[in-house]
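Chemist: pasting the sequence and the predicted coordinates here, then a few questions.
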Amino acid sequence: MTAITISEARDHLGETITLQGWLYNKRSSGKILFLQLRDGTGVLQAVLSEPDNPSLFALASRLPRETSLVARGDLREDRRAPSGCEMQLAEIAVIQEPTSDFPIELKEQTPSYLLDHRHLWIRTGRQVPILHVRDAAFRAFRAFFHERGFVATEAPILTGASVEGTTTLFELDYFGDKAYLSQSGQLYLEATAMALGRVYWIGPAFRAEKSKTRKHVTEFWIAEAEMAFYDHAMNLRLQEDLVRYLVETVVAERREDLVALERDPEALLRAVREPFARIDYGDAIDLLKGKGHELTFGDDFGAPEEEALGAHFGRPVFIERFPVTMKPFYMKRDPKDPTRVLAADLIAPDGYGEIIGGSQRVDTEGELIAQLDENKLPRAAYEWYIDLRRFGAVPHSGFGMGLERVITWICGVPHIREVIPFPRQIHRLYP
Ligand code: 4AD
Ligand code: MG
């Protein structure tokens, strides 16, 4: 008999079915045993009673959590069960019986213990719905751009120069030369945009973040787009459309996972339905000062400031036109005020912080060389990038979205480390 998945169970009510999975948990009530079976697509309750099948009852009573098995039985409707049905267990074939107690208990354990057992932790509790949401978010990002005629492309991970400043570079020896792990594919996407028009990718990005926060990992997945013949205003409209599409698609596909995570899907949809808020960097500083925050023009926003802005607007907000001194070398200055750049950060509501950074790019050779010099970056390593301003330069713009940041916000979980299968942070390289 071919096996079905738990996600398909509802279509097989009244049938005898076979499931392949693991024993997630069990409890007994006198002569009745309730087994929670999981297979990655969901959890299904299987029941059996001792008088009906004493030998199966004895076997099932003894099996430890996370035994891998094949189970067969009749499926019947049960409105109280999360899966909408329940299995009357007839047979179990054990594949492998664990050699000791499963290290992850289904109650509170300390974060550091759970992280040390991340390879097993991901089988339990909210970790499975989170990883399903992650899958849906990755797919939705790609679908959004594919539907709009953008071309998928790739950037290298081994690079010879920095994009986002030199303080967070991971350096390595490259046959006697210095190389760095990529902080962002942007500079290479600018080159492919001049070849292909409009491009996007999802790739890994590395930042040697020496602090431990709820929003930073040292390895994350960046989703980036770069567009030729595109200005700052068009760039913001595209980002807004993307974030709305992502949230709507993930809610439509994974509503039950969000409910399992105690995230209200309607509240998420409400947050993205209206046009996103926009505020000039200077006005944001004034607004925050008015709320009692101590900061001056030129300061970056910390977590409390981002939280205050999120609470003030109650929906995603673009902070626009930062001072030149705050931002990287590649951003185009605002022709109306050359002390500012045509850039914006998108801040998620509810304290989830910056989810997108983007800008219009410098498009003349002279300005780019001047900005490289101002940032004390070695011109030689960027010659190829300067070439893009020598051969048919056009106004162009792009952005990068931190996928883990977006998924943390969508899932409403407190810490970024739960939304990536194997988080990398300072002092954490295991498992
Ligand atoms: O704002 P960032 O540094 O912008 C860039 O890298 C641009 N080159 C992107 C572009 O224009 N193509 O990073 C982009 C996003 C941030 O808004 C944030 O969401 C995420 O990447 N991010 C991190 N996410 C997790 N952990 C970290 N350490 C992150 N650093 C940035
Ligand atoms: Mg940024």
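Modeler: Received it, and whenever you're ready, just let me know what you need. Ligands and ions are numbered 1, 2, ... in the order given.

Chemist: quick one: name the residues of the stretch 101-250 of the chain near ligand 1.
Modeler: Neighbours of ligand 1 within the stretch 101-250 of the chain, by CB under 6 Å from any ligand atom: 163, 164, 184, 186, 207, 209, 216, 217, 220, 222, 224. Yep, even glycine has a C-beta here, placed from its N, CA and C like the rest.

Chemist: what about the fifth one, how many residues close to it?
Modeler: Residue 207 sits with 21 neighbouring residues when counted by other CB atoms under 10 Å.

Chemist: same thing with residue 213?
Modeler: Using other CB under 10 Å, the number of residues around residue 213 comes to 13.

Chemist: now swap in residue 399 and tell me
Modeler: Around residue 399 there are 23 residues (other CB under 10 Å).

Chemist: need the three-state assignment for it.
Modeler: Following DSSP: H, G, I helix; E, B strand; the rest coil, the label given to residue 399 is strand.

Chemist: so it touches residue 225, yeah?
Modeler: Yes. Distance between residue 399 and residue 225: 6.2 Å, which falls inside the contact criterion (CB atoms under 8 Å).

Chemist: need the overlap of contacts for these two.
Modeler: Taking CB atoms under 8 Å, 6 or more residues apart in numbering as the contact rule, residue 399 and residue 225 both touch residue 238.

Chemist: any chance of the residues of the stretch 101-250 of the chain next to ligand 1 in TSV, plus pLDDT and secondary structure?
Modeler: Putting these into TSV (pLDDT from 0 to 100; DSSP: H, G, I helix; E, B strand; the rest coil) gives the following:
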residue	pLDDT	secondary structure
163	95	coil
164	96	coil
184	98	coil
186	98	helix
207	98	coil
209	93	coil
216	97	coil
217	98	coil
220	98	strand
222	98	strand
224	99	strand
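
Chemist: please, where are all the strands along the stretch 301-431 of the chain?
Modeler: Secondary structure of the stretch 301-431 of the chain (DSSP state E, counting those that start in this stretch): strands at 317-320, 333-334, 337-341, 343-348, 353-360, 396-402.

Chemist: and residue 301, what does it touch?
Modeler: Residue 301 sits in contact with 284, 288, 295, 309, 319, 347, where contact means CB under 8 Å, 6+ apart.

Chemist: okay, and the beta partners of the last one?
Modeler: Which is residue 347. residue 317, residue 354 (DSSP bridges).

Chemist: that one: how many residues sit nearby?
Modeler: Other residues near residue 347 number 27, with proximity taken as other CB under 10 Å.

Chemist: distance of the nearest residue to residue 5 once chain neighbours are set aside relative to ligand 1?
Modeler: Distances taken as CB to CB, 6 or more residues apart in numbering place residue 41 nearest to residue 5, at 4.4 Å, with adjacent residues excluded. Note on residue 41: its distance to ligand 1, by CB to the nearest ligand atom, to the nearest Å, is 28 Å.

Chemist: pretty sure residue 41 is touching residue 4, no?
Modeler: No. Between residue 41 and residue 4 there is no contact, the gap being 9.6 Å when judged by CB under 8 Å.

Chemist: so what's in contact with these two at the same time?
Modeler: The overlap between the contact sets of residue 41 and residue 4 (CB under 8 Å, 6+ apart) is empty.

Chemist: residue 164 against residue 207, yeah?
Modeler: Yes. Residue 164 is within contact range of residue 207, at 7.3 Å (criterion: CB under 8 Å).

Chemist: give me the common contacts of the two.
Modeler: In terms of CB under 8 Å, 6+ apart, residue 164 and residue 207 are both contacted by the residues residue 183.

Chemist: for residue 172, what are its contacts?
Modeler: Applying CB under 8 Å, 6+ apart, one finds that residue 172 lies in contact with 178, 179, 180, 181.

Chemist: tell me what the second one is bridged to.
Modeler: In this structure, residue 179 bridges to residue 172 when assessed by DSSP bridges.

Chemist: and it, how far is that from residue 365?
Modeler: 26 Å (CB to CB, to the nearest Å).

Chemist: these two: which has the busier surroundings?
Modeler: Set side by side, residue 179 and residue 365 show more neighbours around residue 179, with 18 against 14, by other CB under 10 Å.

Chemist: so residue 25 sits in a strand?
Modeler: Yes. Applying three-state DSSP, one finds residue 25 inside a strand.

Chemist: can you pull out the helices in the chain?
Modeler: Under the criterion DSSP state H, helices of the chain are mapped to 54-62, 111-116, 118-121, 127-147, 186-196, 232-260, 265-273, 281-290, 303-313, 365-374, 383-387, 403-411.

Chemist: deepest-packed of the ones you listed, please.
Modeler: helix 403-411 (a mean of 25; mean count of other CB atoms under 10 Å).
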